[in-house]
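A.B. asks: Just need the structure, nothing else, for what follows:
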Amino acid sequence: MGQAHRAVQPKDRTGLMKFKLNGVEKEAAGTGEGSLLSWLRDEEGVLSVKDGCSPQAACGCCTVELGGKAVLSCATPMRLVSGKEVVTIEGMGKLAQDAFAEAFSRRGGAQCGFCIPGIVMRAWNFLKRRPEPSRKDVEQSLNQHLCRCTGYKKIIDAIEEAGKTLRAGKLPAASPETGRVGMRLPKYDIKAAVLGRRPYVADMKAPGMLHAAPRLCDHPRAKVLKIDASAALALPGVSRVFLAGDVPGRRLQGSIVQDWPVLVAVGETTGYAGDVLALVVADTRAKAQEAARAVQVEYEILKPIVDVPSALAPGAPKLQPNGNVLSVSRVKKGDADKALSECDYVHEAVYQTQWVEHAYLEPEAALALPQDGRLIVYTQSQGIYEDRKQLAAMLDIPENLIDVVLVPNGGGFGGKEDMLAQSQAALAARLLGRPVKLELTRSESIRMHSKRHPLRLEYKLGCGKDGRLKALRARIYGDSGAYASVGMKVLERAAGHSTGGYFVPHVDVEATAVYTNNVPCGAMRGFGANQATFAMECAVDELCAMGGFERWQFRWDNALTDGLTTATGQVLTGGVGVRAALSAVKDRFQAARYAGIACGIKNTGVGNGMPDFSEVEIEVLAADRVEIHHGWTEMGQGVDTMAVQVVCQETGLPPSFLSVRTRTSDATPAGMTTASRATSLVGNALIDACKTFQSDLKREGLAALVGRRYRGRWACDWTTKPGRDAHGKPVCTHYSYSYAAQVAIVGDDGEVAELIAAHDAGKVMNPTLFEGQIEGSLHMGLGYAISEELVMENGRPKSTKLRDCGVLRAKQTPKLTVIAVEIPDPLGPYGAKGVGEIGLVPTAGAVANAYWAFDGRRRRILPMKD
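C.D. replies: Numbering: from 1, shown residues only. Model prediction:
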């Protein structure tokens, strides 16, 4: 007789999970497969826990304490929470909250702030177990965290200081803050960001709010034959599916060339793998995403064009109506061919750079609210006035019916100049008459937004026996991807910066931006100067080897100085700091066994015939409250802090009286927050506004000025358009530049041990912010040199995971040494120059030259993974 078996009953996966959240008993029903992150944010409204990459578990922004251990809540299913206690920043206790807020504020440990609440949770948990850790221990503890802004140095400083406070059991004595220029004023509103209390767009809600999700295309180049949304519309909670025909106005967007579709229409051909075919709106984000996946699309699949030679080949399919060449930028000075023929030493080589993902920790998001016939759009964009202009054109309504409000963003680095989430959210909200929020996932973000250009740089550089540079001939080709973005300007800037920080009498450069079916390429920190400087600095070292020239001295002899001309022919007339920066790093470079050196120059202002302008307003709201209105994006670089310090400097008011607001309804027009120009434009405009304000303040007192507004403006409209006759005036490509020299030191193990950066800031407005900007730039520049790459395969990113982008972690970041050089700029406020981009312009060249010193191998392709 066979053995009897009891029938196996399926396990009931639905139940009630009981646990604690910050000391309070909680219950959650369900299968337990949903993430702790989603439950905290969506069910409990705990918004200090940030979603930077969910469910990839790569960034650490969602870190909480569970059962006494620090965990990534995006990768923690709710079933693991049962019977345990979850602690977020809100449950840390006041001393711990104050300790971290004060330490990160004082030490400059936060810039955009998005990653910091997760880091604080990790550090708090770590310090409870290791109250007196070594610096190396702290560094190792951050292995699950990414920060794109700081370079980690000041984060570790802040954690060490917070640990001291926790051991002491009390906060250090506060020091008075005058807020004046040159002081280490803590970053504006940063304590709220450190504790997760400053909302980003994804944290915002509105009554009756719906959620949108994009349906992306499946092929980089394919004709769309049919879009069937019936299955999506049948799902519960779905309100609407929008297609291209629903766009009431101009469907093509772009700040310079309008060629990027909000939605691709049936009958059209997709441009890249991030094109949007449909926009689904539902009552929850999860339902919208599920419905987006249910939209069915039929295609005629076409072979994508995935490299520049194929795009330029005779008979290649035209990807845009005017062909596959987006732009050609030419820079010509003297007779380069003749000069090269007369050179004693000529070096000729090809250099290649890569696609790079911006990897800001906050993915794109936007919230649009219809209100009394108008539309309010909350955005993280880098240009709210440009947003308003393009949204009005898309919706076919006057600009005055749209108010774009800046929400300080979680990093931009140029990647938030293009229109993405704000267009989709605004379209849905306007047509539905209800608030709509769109949050891109990390995978969608990587697929959709523009990247750093991969460039092929063909350089021919010559000098005489005396070590003086004579001529450069260069041909540069950039893959700009499917749409223009600002690709033509990036290649224009690469051409203009092709000779780096050196005087070269004869220049012949041609830079071509080319359309392909790859991801669009646009603005990213350095904006073409990085790529050109990498090629130039490698070529300079190779010339030094050919002629037996000492590398530092060669750079000194050829450095730009007052009265010399840039590649474009612009005569530099004051504040040129290349030699001062070189002097600052000379001893360290010459004392190191294996070192590389590189110089850099970076424009301030877009220039090239385009106006740079800023309007500001100072509004007196109360006897102890003054609000600064400007149109520039705070994305971690400190423009709001700088604005406060200028007003403090000009008026003597304490920083506690001052607040900052950025929205288009304030009518303080500004351009894109780009080209390292916010310090000069906002600073000079505020100085202008303070002339009358300070006079009235001195005469009448602040209380008597309540209700008054003081406007200021500063503009540059005298730069020269490339190829245009300057009408007898000297060529002026940009109204200002900043300068740098960097040294990379490689240890005996072949790893970069230290980066030393001397940067001419003109006038350091805030030493903490200055150091933070350069340290963060060095970290990004080192990643650009050795590890970062968005690999494209047949028109698609090989991976859309953040961890595969190559961003360096804390333990991979070497010692960073920053040296301030101050050669005043004649046009800068108090002599200040922009430093937001130049910090990584020389880095890859310095690292390549250091590796060459180490092993004698010349690396001409980025990243240098070997």
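
A.B. asks: Relative to residue 402, how far out is residue 440?
C.D. replies: As for residue 440, its distance to residue 402 is 21 Å (criterion: C-beta to C-beta, to the nearest Å). The way it works is simple: take the backbone N, C-alpha and C, and place the C-beta from them, glycine included.

A.B. asks: which residues in the stretch 551-700 of the chain form helices?
C.D. replies: 551-558, 578-591, 639-651, 678-700 (DSSP state H, counting those that start in this stretch).

A.B. asks: Output those helices in JSON lines; the columns should cover mean neighbour count.
C.D. replies: As requested, the helices of the stretch 551-700 of the chain are exported to JSON lines (neighbours: other C-beta atoms under 10 Å):
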{"stretch": "helix 551-558", "mean neighbour count": "20"}
{"stretch": "helix 578-591", "mean neighbour count": "19"}
{"stretch": "helix 639-651", "mean neighbour count": "24"}
{"stretch": "helix 678-700", "mean neighbour count": "21"}
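
A.B. asks: among the ones you listed, which is nearest residue 185?
C.D. replies: Proximity to residue 185 (C-beta to C-beta) singles out helix 639-651 among the helices of the stretch 551-700 of the chain, at 5.8 Å.

A.B. asks: got the contact list for that closest one?
C.D. replies: Contacts with helix 639-651, where a contact means C-beta atoms under 8 Å, 6 or more residues apart in numbering, come from 178-181, 183, 185-189, 408, 616, 618, 626, 628, 630, 632-634, 653-655, 658, 660, 673, 678-679, 682-683, 686-687, 690, 693-694, 697, 765-766, 769, 829-830.

A.B. asks: go with 6 Å
C.D. replies: Contacting residues not belonging to helix 639-651 are listed as 179-181, 185, 187-188, 628, 632, 634, 655, 658, 660, 678-679, 682-683, 686, 690, 694, 697, 765 [C-beta atoms under 6 Å, 6 or more residues apart in numbering].

A.B. asks: ok, now stretch 444-455?
C.D. replies: 273-274, 353-357, 363-364, 415, 418, 420, 476, 478-479, 485, 490, 519-522, 524, 531, 790, 797, 800.

A.B. asks: got it, and stretch 669-682?
C.D. replies: With C-beta under 6 Å, 6+ apart as the criterion, stretch 669-682 contacts 382-383, 385, 417, 523, 604-606, 612, 614-615, 630-633, 639, 642-643, 714, 828, 832, 834, 836-837.

A.B. asks: that older thread, tell me which of the helices of the stretch 551-700 of the chain lies nearest to residue 80.
C.D. replies: For the helices of the stretch 551-700 of the chain, proximity to residue 80 was assessed by C-beta to C-beta; helix 639-651 is nearest, at 40.2 Å.

A.B. asks: I'd like the average pLDDT over the closest one.
C.D. replies: Helix 639-651 shows an average pLDDT of 97 in the prediction.

A.B. asks: just stretch 116-123 next, same as before
C.D. replies: Mean predicted lDDT for stretch 116-123 stands at 99.

A.B. asks: what's the offset of that stretch from the middle of its chain?
C.D. replies: 21 Å (C-alpha atoms, centre = their mean, to the nearest Å).

A.B. asks: before we move on, back to that, point out the one among the helices of the stretch 551-700 of the chain that comes closest to residue 732.
C.D. replies: helix 678-700 (14.8 Å).

A.B. asks: Now do that closest one against helix 639-651, angle only.
C.D. replies: Between the axes of helix 678-700 and helix 639-651, defined by axes from the mean of the first three to the mean of the last three C-alpha atoms, to 10 degrees, the angle is 40 degrees.
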